[in-house]
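[1] Return atomic coordinates for the entry below.
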Amino acid sequence: MDRRHFIRLVGGGTIAAAALPLAGCSADYPPQAVEAWAGPGDEPDTGRWALAHAILAPSSHNLQPWLVDLRTPQSLTLFVDRERLLPETDPWFRQIMVSQGAFIETLLLALAERGAVAQVSLFPDGEPGARTLDDRPVARITWAPGSPPRDPLFAQIRRRHTAKVGYDSTRPVAAATLQALGAAVAREPTVRFGGTVQPEALPALRTLCFEAGRVETATPRTALESLRLTRIGPDEIARHRDGISLNGAFPRVMSAVGLFDRSVAPAPGSAGFDAMLKFYREQSDTAMGFAWLSTPVVAGATRRAEVAAGRAWMRLQLKATELGLQTQPMSQAPQEFAEMKPWHDELHRLTVGRPAGEEVVQLFARLGYAAAQPNTPRRPLQGFVRA
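    Below is the predicted model:
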């Protein structure tokens, strides 16, 4: 919402009273919420040292949906934290599985950096069905001391972030940069990389992003899912250390005067609804390129494909960080809830040229340049470890 409109709506006196305590407050996240990004230091245990890096992987809505069992020496068993799901926007758990893949790739980079030779067994107790989820492990990773090749992308793990701001619309992304991203994910043979930085191709994809964002915003149950995961102000951010963090003065004032209601979806035409659309508009219209990752549909291998896509996405984002490029998943159009289907179909038409029944777009991201953004909060390491 426009600040002047906001002030007219709630009255200058109310605004002044709410804003006065925030004068001079920093928009930085509370130090304890981002302390994980400092790294594990001289942690002697290889598994915990690698885990401290793996929890820095990206995940849908920053849910960090990972649980690990470290009780067996030189072994880590990964589970989905089933308390951290997105049943409305991710009804088939695809995004959650992609997030597992990002975790695994980050863990493996860290193990190699520590001089450990790792082996990955995916779904050691069997793979869940394409639209189901259960308590069976996603992966079991074992390791032993050795001399594995170290990957230069490891150096980008603690520098990586997702810039959700507008990008520099005067600075194009070079075709060679797009090619470098594709080369970084080539080690995942089941994952197909695609993308474009051609000016004539961007308008249709920008429109796709915006209209898909409008659908998610206009569907009450999906809008509420995001709102309920929004953390406003340092106290909430420090308490939860997950979700969508807002620490600027403006959202804190809105919350203080009751105009950021996270219990009711914003009605079309309301100030809150328009503010969310403005957010999508800025992101969409400043995309200077797009990249996507897709996997062919293979019966009985849906979850493996999603994990592979997550591993590829982690490498793509780390390579982008190395190149000084910003990336942000535009996760709305790939979502499978019913109201999104027209734009889900359009996404597949514009990118892979095949319907989702033949090839699934697992990740769709905008590219561009912007100032570095803060790292997102992370929960304490012990919160990821099964007792």
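
[2] Dig out what Thr196 forms beta bridges with.
    Thr196 forms beta bridges with Phe290, as assigned by DSSP bridges.

[3] pretty sure it contacts Leu205?
    Yes: assessed by Cβ atoms under 8 Å, Thr196 is found in contact with Leu205 at 7.5 Å. C-beta: built from backbone N, CA, C; applies to glycine.

[4] roughly how far is stretch 72-91 from the heart of the chain?
    Its chain's average C-alpha position is 15 Å from that of stretch 72-91, according to Cα atoms, centre = their mean, to the nearest Å.

[5] Buried residues, that stretch. List them.
    Across stretch 72-91, burial judged by 16 or more other Cβ atoms under 10 Å covers Leu76, Thr77, Leu78, Phe79, Val80, Asp81, Arg84, Leu85, Leu86, Glu88, Thr89, Asp90.

[6] who touches both of Thr196 and Leu205?
    Common contact partners of Thr196 and Leu205 (Cβ atoms under 8 Å, 6 or more residues apart in numbering): Phe290.

[7] Can you show me the strands along the stretch 101-250 of the chain?
    116-122, 139-145, 192-196, 230-232, 244-246 (DSSP state E, counting those that start in this stretch).

[8] what lines up beside the last one in the sheet?
    If you go by DSSP bridges, strand 244-246 pairs up with strand 230-232 (parallel).

[9] which residues touch the strand it pairs with?
    Under the criterion Cβ under 8 Å, 6+ apart, residues 237, 239-240, 242-247, 251-252, 255, 260, 262, 377 lie in contact with strand 230-232.

[10] so which strand or helix has the closest residue to Ser59 other than its chain neighbours?
    The shortest distance from Ser59 to any non-neighbouring residue, by Cβ to Cβ, 6 or more residues apart in numbering, is to Ser99 (3.8 Å). Using DSSP states H and E, Ser99 sits in helix 94-113.

[11] hey, C-alpha coordinates of that helix in CSV?
    Coordinates of each C-alpha in helix 94-113 appear next as CSV, following Å, rounded to 0.1, in the frame of the first residue of the first chain:
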residue,chain,number,x,y,z
ARG,A,94,6.5,-31.3,-4.5
GLN,A,95,8.1,-28.1,-3.2
ILE,A,96,8.9,-29.8,0.1
MET,A,97,10.7,-32.6,-1.7
VAL,A,98,12.6,-30.1,-3.8
SER,A,99,13.7,-28.5,-0.5
GLN,A,100,15.0,-31.9,0.6
GLY,A,101,17.2,-32.0,-2.5
ALA,A,102,18.7,-28.6,-1.8
PHE,A,103,19.5,-29.7,1.7
ILE,A,104,21.2,-32.9,0.4
GLU,A,105,23.4,-31.0,-2.1
THR,A,106,24.5,-28.5,0.5
LEU,A,107,25.3,-31.3,2.9
LEU,A,108,27.4,-33.1,0.3
LEU,A,109,29.3,-30.0,-0.6
ALA,A,110,30.2,-29.5,3.1
LEU,A,111,31.2,-33.1,3.6
ALA,A,112,33.6,-32.9,0.7
GLU,A,113,35.0,-29.7,2.0
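
[12] Can you find which helix in this structure contains the most residues?
    For the chain, the longest helix by residue count, based on DSSP state H, is helix 302-323.

[13] Which strands or helices does that helix pack on?
    In this structure, helix 302-323 packs against helix 94-113, helix 175-184, strand 289-296, strand 326-329, strand 359-368, with contacts taken as 3 or more Cβ pairs under 8 Å, 6 or more residues apart in numbering; DSSP states H and E.

[14] Show me how far the first one is from its chain's centre.
    Here helix 94-113 is found 13 Å from its chain centre; the criterion is Cα atoms, centre = their mean.

[15] Kindly calculate the angle that it makes with strand 289-296.
    Helix 94-113 and strand 289-296 are oriented at 100 degrees to each other (axes from the mean of the first three to the mean of the last three Cα atoms, to 10 degrees).

[16] What average pLDDT does helix 94-113 get?
    Helix 94-113 shows a mean pLDDT of 98.

[17] From the contact counts, what lies against that helix?
    Under the contact criterion of 3+ Cβ pairs under 8 Å, 6+ apart, helix 94-113 touches helix 46-54, strand 66-69, strand 75-80, strand 116-122, strand 139-145, helix 302-323, strand 359-368.

[18] try the last one
    Packed against strand 359-368, as judged by 3+ Cβ pairs under 8 Å, 6+ apart, are the following elements: helix 94-113, strand 289-296, helix 302-323, strand 326-329, helix 341-351.

[19] Relative to Gly383, tell me which of the strands of the stretch 101-250 of the chain wins on proximity.
    When those are compared by Cβ to Cβ, strand 230-232 sits nearest Gly383, at 15.5 Å.

[20] quick revisit: adding distance to Leu56 and mean neighbour count, write the helices and strands packed on helix 302-323 out as TSV.
    Shown next, in TSV, are the helices and strands packed on helix 302-323 (distance: least, Cβ to Cβ, whole Å; neighbours: other Cβ atoms under 10 Å):
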stretch	distance to Leu56	mean neighbour count
helix 94-113	7	26
helix 175-184	18	16
strand 289-296	20	24
strand 326-329	15	24
strand 359-368	18	23
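
[21] could you list every residue that touches the closest residue to Thr207 other than its chain neighbours?
    Once flanking residues are discounted, Thr207 sits nearest to Ser284: 7.5 Å by Cβ to Cβ, 6+ apart. Counting by Cβ under 8 Å, 6+ apart, Ser284 touches Arg206, Thr207, Cys209, Phe210, Gly213, Met330, Arg366.

[22] Right, I'll leave it there.
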